[in-house]
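here you go, sequence then predicted model.
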Amino acid sequence: MCGRFIFFEIDKIPDRFDAIVEKTFNFSPNYNISPGQDVPVILKEEKFNKVELMKWGLIPFWVKNLKEFKPFINVRKESFLSKPHFYRYLKNRRCLIPSNGFYEWKKEEKTKTPYLITLKDMEIFSFAGIFDIFKDEENEIMSFAIITTEPNDKIKKIHDRMPVILDKEREKIWLDYEYKDYDNLINFLTPFPDDLLDIFEVSNLVNNPENNYKELILPYKKDKNSLF
DNA sequence: CCAGACGTTGTT
DNA sequence: GTCTGG
DNA sequence: CCAGACGTTGTT
DNA sequence: GTCTGG
């Protein structure tokens, strides 16, 4: 699963995603993004891409009462095949979520240990996502979910799901709302290659969603990759 | 036709 | 145990 | 995802 | 809103 991530290289959005960022855009480096928060999301526009702040936790447009609905923070790749309701999102509500890494907790008998998963040098990348727009009298909420898939061999040691990470080529196609080879889009939703990912244990200070500072992304142990 | 679901993860 | 809030 | 709350009445 | 199940 993916229930917590980081994103701090906000200045890199325009170059990395060929995107225009509004002057009023308001998001600070975040080392502990949790569900419910407003997060920058990339969408395609006519000429360039754009950035929108969206709430993490997808609220479908058809929800009757907001209070009782539990937003979904993840969507399984398999759902696009088995649940017709979700195929709609694959067809015309695709987006990218910029990130520098994500956390997973390894559960054992009585303990849970947080790990941070990044690209080499914590380089910026993106998750494949879907979004929706919910409207009622008081609200207009844009929200998104991160797609999950089977884990690769490294992540398998901690958890049985991982978020979908797209390479640059796939990012372009994923954003292109005129692209209609949906079978091929589903083929994008595969585990990211092991050798491109770095995994290491971090302090359990990250457990508390209210903690948000650089130290959270430091390796907890000297031997950074003992497990991997 | 209408009613009811529409999600994931982890745990039992 | 289960829901809410971050 | 995890942490923390989980209640009412009346008064300020 | 739209699909599935009865």
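That came through, no problem.

which elements pack onto the helix or strand hosting A:I117?
Following DSSP states H and E, one finds A:I117 within strand A:112-119. Under the contact definition 3 or more C-beta pairs under 8 Å, 6 or more residues apart in numbering; DSSP states H and E, strand A:112-119 sits against strand A:101-107, strand A:197-201. Every residue, glycine included, has its C-beta placed from N, CA and C.

against which helices or strands is the next helix or strand after it packed?
For strand A:112-119, the following helix or strand on the C-terminal side (DSSP H and E) is strand A:125-135. Helices and strands touching strand A:125-135, as assessed by 3+ C-beta pairs under 8 Å, 6+ apart, comprise strand A:38-44, helix A:84-92, strand A:94-99, strand A:140-149, strand A:165-166.

hmm, the last one in reach of DNA strand B?
No. Under the criterion of C-beta under 7 Å from any atom of the strand, strand A:165-166 makes no contact with DNA strand B; the nearest approach is 14.2 Å.

and the pLDDT at the spatially most distant residue from the centre of chain A?
Residue farthest from the centre of chain A, counting by C-alpha atoms, centre = their mean, is A:E137 at 29.2 Å. According to the prediction, A:E137 has pLDDT 82.

check the one 10 residues further on too.
Taken from the predicted model, the pLDDT recorded for A:I147 is 97.

go on, A:I141?
Note on A:I141: pLDDT of 95.

for stretch A:90-101, C-alpha coordinates in CSV please.
Only the C-alpha atoms of stretch A:90-101 are listed here, as CSV (Å, rounded to 0.1, in the frame of the first residue of the first chain):
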residue,chain,number,x,y,z
LEU,A,90,-8.7,5.1,-16.2
LYS,A,91,-10.4,6.5,-19.3
ASN,A,92,-10.6,10.2,-18.5
ARG,A,93,-9.3,11.0,-15.0
ARG,A,94,-5.6,10.3,-15.0
CYS,A,95,-3.0,12.3,-13.2
LEU,A,96,0.5,12.2,-11.8
ILE,A,97,1.6,12.9,-8.2
PRO,A,98,5.2,14.2,-7.9
SER,A,99,7.2,12.7,-5.1
ASN,A,100,10.7,12.2,-3.7
GLY,A,101,9.9,8.9,-1.9
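
which positions within that stretch qualify as buried?
Counting neighbours by 16 or more other C-beta atoms under 10 Å, one finds that the buried residues in stretch A:90-101 are A:90, A:93-101.

same check, this time on stretch A:156-171
Within stretch A:156-171, the residues scored as buried using 16+ other C-beta under 10 Å are A:158-159, A:161-166, A:170-171.

contacts for it, please.
Stretch A:156-171 is contacted from outside by A:1-2, A:5, A:17, A:74, A:76-77, A:96, A:102, A:104-106, A:115, A:117, A:125-128, A:146-152, A:155, A:174, A:188-192, A:199, A:227-228, using C-beta atoms under 8 Å, 6 or more residues apart in numbering.

for A:L58, see how far away A:D15 is.
Between A:D15 and A:L58 the computed distance is 28 Å (C-beta to C-beta, to the nearest Å).
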